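A.B. asks: need coordinates for the below:
(one chain, ligands or ions: 2)
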Amino acid sequence: MDNLEQKIRELKEKKNAVLLVHNYQVGEVQVIADYLGDSLELSRRAAQVEQDIIVFAGVKFMAETAKILAPSKKVLLPRLDAGCPMADMITLEELRDLKAQHPDAKVVTYVNSTAEIKAESDACCTSSNAVSVVRNIDAKKIIFVPDRNLGSFVQSQVPEKEIIFFEGYCYVHNRIKVEEIEEMKKMYPNAPVVAHPEVKKEVVATADVVLSTSGILKYVAESKEKQFIIATEQGLLDRIARENPGKEILPALKPKFCSNMKKTSLRDIYDSLDQEKYEIQVDAHIAKKAVKALDEMLKYI
Ligand code: 13P
Ligand code: SF4
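C.D. replies: Residues are numbered from 1 along each chain as shown. Ligands and ions are numbered 1, 2, ... in the order given. Sure, this is the predicted structure:
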C-alpha cells in the first residue's frame, strides 16, 4: 500500500497534478490529499489551482464544479460511477416550472446539483454558506433546490424571506432518525450533538449545532468537550477521530455511509493519474452560465 502511495506521489509530480479530496472519502485516500476539505473549501482550491491537472476524489458534481471554476485545467474523476443521487433528483423541466410559477423569486441552488441546473440559477451555495447566500441575495422570495432539508434549515435561520422548496434529499443524511440521537443522548448525556444540515428537520431540532463537514471538524477541534455525537457521513468522523486522538467521536447510533463517496480507492487514483481518466467536460454554453452562479457562491464564507 505504501508503494501505491509513493507511486501516486511520483505521478502527481511528473504530471504536475493536484489531488483534492472530500471529507467523506475513505481514510487511505484522505491521508494522501493535497487538500482535504468540504465542498466550499475544495471549490475555492479548484478556482486557484496552479497545476495542470486536478484529480478530484469525491463525487461527480464536485469535479464538474472544479471544471467550471478552472476551465483551462484537466479535471479527472477517478470513478465515473461516483455520483450524488440528490444532484440528479431535479430535472431542468422541474426547475423551469418552478421559475414559471414564481417569476418574482430568485433561484439558490445547492452545489450538490448538475451543471445544467446551476446554469439556470442565480446563485449556488454549499452547506457552509447557504444561510449567508440566501440572506444576502437581492430577493424576498427564493426557490431553493434540490435539498428540502438544507432549505428548511436555511428558512429557520432566515425567517424574513419566503423559501419555495423542492423535494430532493440526501439518502444518507435523511436516514438518520431522531430516536437514534435520543438513544445516544441517553448513553452520552454530556456529548454535544453536531449535525450536518442535510439531516431532517426533526434531527436538526435535537442538535446543539448545525455545520458543514469542515465546520464540524473545526467545532470539535476547538471544543473543550471530550465526547461528540456527530450526525453525518462516517468519513468525516474518521477524519475527526484521526486528527483529535484525545476525543471520542460517536455516530448517530450506527455509522452512516455514502456508497458513492466510498467508491474511490488508492488504486483508482493511481489509474486515474496514469491513464488521465475520467476527464470531466462541461458544455461551454452551460459552463458560461453556471460560473456566474458559482462566483456568487464564492463571495460568501
Ligand atoms: P460539505 O460541503 O459540508 O462537505 O457537504 C458535502 C456533501 O455532499 C454532504 O453530503
Ligand atoms: Fe450526495 Fe449525500 Fe453522498 Fe453527499 S452524502 S454525496 S449529498 S448522497
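A.B. asks: next to ligand 2, which bits of this protein? Give me the list.
C.D. replies: Residues of the chain lying close to ligand 2 (C-beta under 6 Å from any ligand atom) are 59, 84-86, 112, 170-172, 198, 233, 258, 260-261. C-beta: built from backbone N, CA, C; applies to glycine.
A.B. asks: using PyMOL, define a selection of the buried residues within those.
C.D. replies: Remark: buried members of the residues of the chain next to ligand 2, expressed as a PyMOL selection using 16 or more other C-beta atoms under 10 Å:
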select buried, resi 59+84+85+86+112+170+172+198+233+258+260+261
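A.B. asks: for the residues of the chain next to ligand 2, which one is nearest C125?
C.D. replies: C125 lies nearest to N112 out of the residues of the chain next to ligand 2, by C-beta to C-beta, at 10.1 Å.
A.B. asks: adding pLDDT, secondary structure and distance to N244, write the residues of the chain next to ligand 2 out as CSV.
C.D. replies: Below are these laid out as CSV (pLDDT from 0 to 100; DSSP: H, G, I helix; E, B strand; the rest coil; distance: C-beta to C-beta, whole Å):
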residue, pLDDT, secondary structure, distance to N244
V59, 98, coil, 26
C84, 98, coil, 27
P85, 98, helix, 30
M86, 98, helix, 29
N112, 98, coil, 27
C170, 98, coil, 25
Y171, 98, helix, 28
V172, 98, helix, 23
E198, 98, coil, 23
E233, 98, strand, 17
C258, 98, coil, 22
N260, 98, coil, 26
M261, 98, coil, 21
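A.B. asks: next up, the contacts around Y270.
C.D. replies: By C-beta atoms under 8 Å, 6 or more residues apart in numbering, the contact set of Y270 is L4, K7, I8, L11.
A.B. asks: who are the contact partners of the nearest residue in space to G168 that is not next to it in sequence?
C.D. replies: Closest residue to G168 apart from its sequence neighbours, by C-beta to C-beta, 6 or more residues apart in numbering: P146 at 3.0 Å. Counting by C-beta under 8 Å, 6+ apart, P146 touches M86, A87, M89, I90, T109, Y110, N112, S113, I117, F166, G168.
A.B. asks: roughly how far apart are P146 and A87?
C.D. replies: From P146 across to A87, the span is 7 Å (C-beta to C-beta, to the nearest Å).
A.B. asks: overlap of the contact sets of the two?
C.D. replies: Jointly contacting P146 and A87 under the rule C-beta under 8 Å, 6+ apart are N112, S113.
A.B. asks: one step back: so which of the residues of the chain next to ligand 2 is the closest to G246?
C.D. replies: Using C-beta to C-beta, E233 comes nearest to G246 of these, at 22.9 Å.
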